[in-house]
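In: Let's see this in three dimensions:
(chains A and B)
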Amino acid sequence: GQQLNQSPQSMFIQEGEDVSMNCTSSSIFNTWLWYKQEPGEGPVLLIALYKAGELTSNGRLTAQFGITRKDSFLNISASIPSDVGIYFCAGQLENTNAGKSTFGDGTTLTVKP
Amino acid sequence: NAGVMQNPRHLVRRRGQEARLRCSPMKGHSHVYWYRQLPEEGLKFMVYLQKENIIDESGMPKERFSAEFPKEGPSILRIQQVVRGDSAAYFCASSPRTSGRSYNEQFFGPGTRLTVL
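Out: Predicted structure coming up:
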């Protein structure tokens, strides 16, 4: 089946620093989604990307849909303690009407005040 | 507009018992997805349902697991004769699947954490 490689697996940063994480796939996706999950909760959608090359922002978050359609990255600028959590990328396959998502294994972000 | 609701939030079962997990999608959403998450891992797709229809169950084990989304009421994920390996967090997501930019966006519930003793 399809696999997403998400990196890094974890990050420990100082408050105020910028963060970058990415996902790569062996398959083409037509949609990339970025989620944040906090302990004991479900994933919350942060950004959705629908076109190759698309760059979309949501506050301090910026995500891009790679030109090859096989990768995506998420940047967080000027991190704050509430950014702590697990960030997941998810891709949806080309030519499917099922809409099911394939998830990466997550990037755990720790922000030190 | 209430979000996706799941209950129970925590469920403890002994080996061999049945587990029933419920999911009420967001208002206006008629597409429901179930995912399973093991510790330290991402979510794994199990099944996709529309009202009264299973569209894709390619991620669901063939035995002991079943899902339904009746015309009235919540979607149910049912696990019969549970084993320790079924212990996981089970998440439900709903989607409007209407035309437009949000076509593929899925909104998740808080999950049900199943523990099999």
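In: Every contact and neighbour count from this point should use C-alpha atoms.
Out: Fine.
In: Now do the strands in chain B.
Out: Remark: strands assigned in chain B by DSSP state E are B:5-7, B:10-13, B:19-24, B:31-37, B:43-50, B:53-56, B:65-68, B:75-79, B:88-95, B:107-108, B:112-116.
In: Identify, out of those strands, the most deeply packed stretch.
Out: Mean neighbours per residue, mean count of other CA atoms under 10 Å in any protein chain shown, is largest over the strands of chain B for strand B:88-95, with a mean of 26.
In: Would you mind listing where chain B has pLDDT under the threshold?
Out: Scanning chain B with the threshold set as pLDDT under 70 gives B:1, B:97-103.
In: Contact residues of it facing chain A?
Out: Proximity of chain B to chain A (CA under 8 Å from any CA of the partner chain) is limited to residues B:33, B:40-45, B:48, B:55-56, B:91, B:101, B:104-111.
In: picking that back up, need the strands of chain B in CSV with distance to A:L55, can you?
Out: Output for the strands of chain B, formatted as CSV (distance: least, CA to CA, whole Å):
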stretch, distance to A:L55
strand B:5-7, 32
strand B:10-13, 38
strand B:19-24, 33
strand B:31-37, 27
strand B:43-50, 25
strand B:53-56, 31
strand B:65-68, 37
strand B:75-79, 35
strand B:88-95, 23
strand B:107-108, 21
strand B:112-116, 34
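In: among those, which is nearest A:I86?
Out: strand B:43-50 (12.0 Å; CA to CA).
In: residues near B:P110, how many?
Out: Applying other CA atoms under 10 Å in any protein chain shown, we find 24 other residues in the vicinity of B:P110.
In: right, I mislabeled it, should have said A:G40
Out: 12.
In: quick one: B:I55 and B:W34 touch, right?
Out: No: counting by CA atoms under 8 Å, B:I55 does not reach B:W34; the two are 12.0 Å apart.
In: what's the overlap in contacts for these two?
Out: B:V47, B:Y48 (CA atoms under 8 Å, 6 or more residues apart in numbering or on different chains).
In: B:L77 and chain A: what is the separation?
Out: From B:L77 across to chain A, the span is 17 Å (CA to the nearest CA, to the nearest Å).
In: Quick check: beta-bridge partners of that residue?
Out: B:L21, B:A67 (DSSP bridges).
In: residue closest to the middle of chain B?
Out: B:W34 (3.2 Å; CA atoms, centre = their mean).
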